[in-house]
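# got a structure for you, letters missing:
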């Protein structure tokens, strides 16, 4: 089995890229034409077998190399000292979520903890360069002054009779101060766990002909019932062990 055949069920490299209309396949092209959607390239999160200048965490890169990835060029290496600086935060969020599961009267605490946990991660990877200012002005004279500013981006007429406008402008000053390494590593490790579960567990013990997909997360829903499925392979001495820091900017392929 070639690397392409091995990974065709689930491409191992994940990246955001512009996908042109002619590469989305005949079915989706017909869908776009039928519903008169835009044929312009769209920026999408895709899986692939080859990539250039990807920033990859050490543990994920280790998994790639162990499964046949060939690194063709290294552009940059960033070293760091790993520390559990958010251990207390994670513990509080986890404990409060369990508290809501154990006692329905405290469900609001669990929901709040869930929101705090998700926003705590997502807030670290916001693109601050896209932040903008929105102001509302009355009168054509004032709106012309706003439109002549170098930060001007967009003008919307809200009340035509009263000449009331919404003005969107880029920020005059940006402080890029978010710890993006936190969200970056969360995404890197989530990719690693997903690949480990799929290729080092499901693909070892369950035949691919028995896979059943209906949603993007169905692969993980099999986890709860995989012990009772008759399709589980019997391993005799060929079991694979799950692989037990820095991150690198590189190019590679499978």
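Okay, I see it. These numbers come from a predicted model, not from an experiment.
# tell me which residue lies nearest the centroid of the chain.
residue 187 (6.0 Å; CA atoms, centre = their mean).
# pairing partners for the helix or strand containing residue 45, with directions?
Assessed by DSSP states H and E, residue 45 sits inside strand 42-48. Note on strand 42-48: by DSSP bridges, its sheet partners are strand 13-19 (antiparallel).
# the inter-axis angle of whichever helix or strand comes after the strand it pairs with versus strand 13-19?
Next helix or strand after strand 13-19 toward the C-terminus (DSSP H and E): helix 26-34. Angle, helix 26-34 to strand 13-19, by axes from the mean of the first three to the mean of the last three CA atoms, to 10 degrees: 40 degrees.
# any chance you could map the helices in the protein?
3-7, 26-34, 58-66, 87-102, 107-122, 140-147, 180-197, 203-205, 218-221 (DSSP state H).
# packing partners for the fourth one?
For helix 87-102, the helices and strands in contact under the criterion 3 or more CB pairs under 8 Å, 6 or more residues apart in numbering; DSSP states H and E are helix 107-122. (C-beta placed from N, C-alpha, C; glycine too.)
# which outside residues touch the helix it packs on?
89-90, 92-93, 96-101, 182-183, 186 (CB atoms under 8 Å, 6 or more residues apart in numbering).
# please state the offset of it from the chain centre?
Taking CA atoms, centre = their mean, to the nearest Å, one finds the center of helix 107-122 at 19 Å from the center of the full chain.
# kindly report the same for stretch 196-206.
Counting by CA atoms, centre = their mean, stretch 196-206 comes out at 22 Å from the chain centroid.
# distance between the ends of it?
14 Å (CA to CA, to the nearest Å).
# ok, residue 143 to residue 166 distance?
Between residue 143 and residue 166 the computed distance is 10 Å (CB to CB, to the nearest Å).
# coming back round to it: mind putting the contacts of helix 107-122 in a markdown table, neighbour count included?
Listed next are those as a markdown table, based on neighbours: other CB atoms under 10 Å:
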| residue | neighbour count |
| --- | --- |
| 89 | 12 |
| 90 | 12 |
| 92 | 13 |
| 93 | 20 |
| 96 | 18 |
| 97 | 17 |
| 98 | 12 |
| 99 | 15 |
| 100 | 18 |
| 101 | 10 |
| 182 | 16 |
| 183 | 17 |
| 186 | 15 |
